[in-house]
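> Provided below are the primary sequence and the corresponding predicted coordinates.
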Amino acid sequence: AQSVAQPEDQVNVAEGNPLTVKCTYSVSGNPYLFWYVQYPNRGLQFLLKYITGDNLVKGSYGFEAEFNKSQTSFHLKKPSALVSDSALYFCAVRDRGGATNKLIFGTGTLLAVQP
Amino acid sequence: DTGVSQDPRHKITKRGQNVTFRCDPISEHNRLYWYRQTLGQGPEFLTYFQNEAQLEKSRLLSDRFSAERPKGSFSTLEIQRTEQGDSAMYLCASSLDGTSNQPQHFGDGTRLSIL
């Protein structure tokens, strides 16, 4: 079965510092991986995806993610955090068990950026 | 692109009542998904439509739940005889048909509170 783990419930970082939000996955075969962000009382916004190709994926709002097959990780990164980046971040893997392409999400990591 | 629209945004009802939610996907998107998100958790898949056909239902979708997408455009999710455990955020997402790499775009959800 496909699964995603986000080991940190919360990440605290000072504004201007680099940030990393961790994600590890477990899939059979090649993974399709996604990052989404959720602001309070809102839906999820797509940030970036890894399907194939370069291990470093660039996405929206200056975010990027590094795919590491040997470590089965897909960590989200940003060189310089903004207070407005404070939100809930979800890593997801596409279910390869059927034809629906449904997403399997981690439990989320709350990012708090202090001014 | 007006995004995925969900209505209502909030619903408060008494236990045992029936509720219905509506989702309007992005207009050219053939695929439509319903997810449920409880506090502190990532979204969990409920059901999937390709055009008007409901192709997969999660075990989470008990017989009190029914979803439709009658003309392959908007979708409704009905919960009959609501229970306390149904309190959650119900999220709708849509994506383009074609390759499985297309990201899902989410609406802002309907928050259901059962009194």
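It's in. Numbering: from 1, shown residues only, chains lettered A, B, ... in the order given.

> Now do the same contact list for the closest residue to residue B:103 other than its chain neighbours.
Excluding the flanking residues, the one nearest residue B:103 by Cβ to Cβ, 6 or more residues apart in numbering or on different chains is residue A:46, at 4.5 Å. In short, each C-beta sits where N, CA and C put it, glycine included. Residue A:46 makes contacts with A:34, A:35, A:36, A:60, B:103, B:104, B:105, B:106, as judged by Cβ atoms under 8 Å, 6 or more residues apart in numbering or on different chains.

> next one: phi and psi at residue A:46?
phi -70, psi 130 (degrees, to the nearest 10).

> okay, who's weakest in the contacts of residue A:46 by pLDDT?
The lowest pLDDT within the contacts of residue A:46 belongs to residue B:103, with 89.

> Please, which helix or strand holds that one?
Take DSSP states H and E as the rule and residue B:103 turns out to sit in neither a helix nor a strand.

> ok, it touching residue A:35?
No: Residue B:103 lies out of contact with residue A:35 (Cβ atoms under 8 Å); the separation is 10.1 Å.

> give the contact list for residue 95.
No chain in the question, so chain A it is. Taking Cβ under 8 Å, 6+ apart as the contact definition, residue A:95 lies against A:2, A:101, A:102, A:103, A:104, B:45.

> let's do chain B instead
Residues near residue B:95 by Cβ under 8 Å, 6+ apart: A:101, B:29, B:31, B:33, B:102, B:103, B:104, B:105.

> what's the spacing between the fifth one and residue B:74?
The spacing between residue B:102 and residue B:74, counted by Cβ to Cβ, to the nearest Å, is 20 Å.
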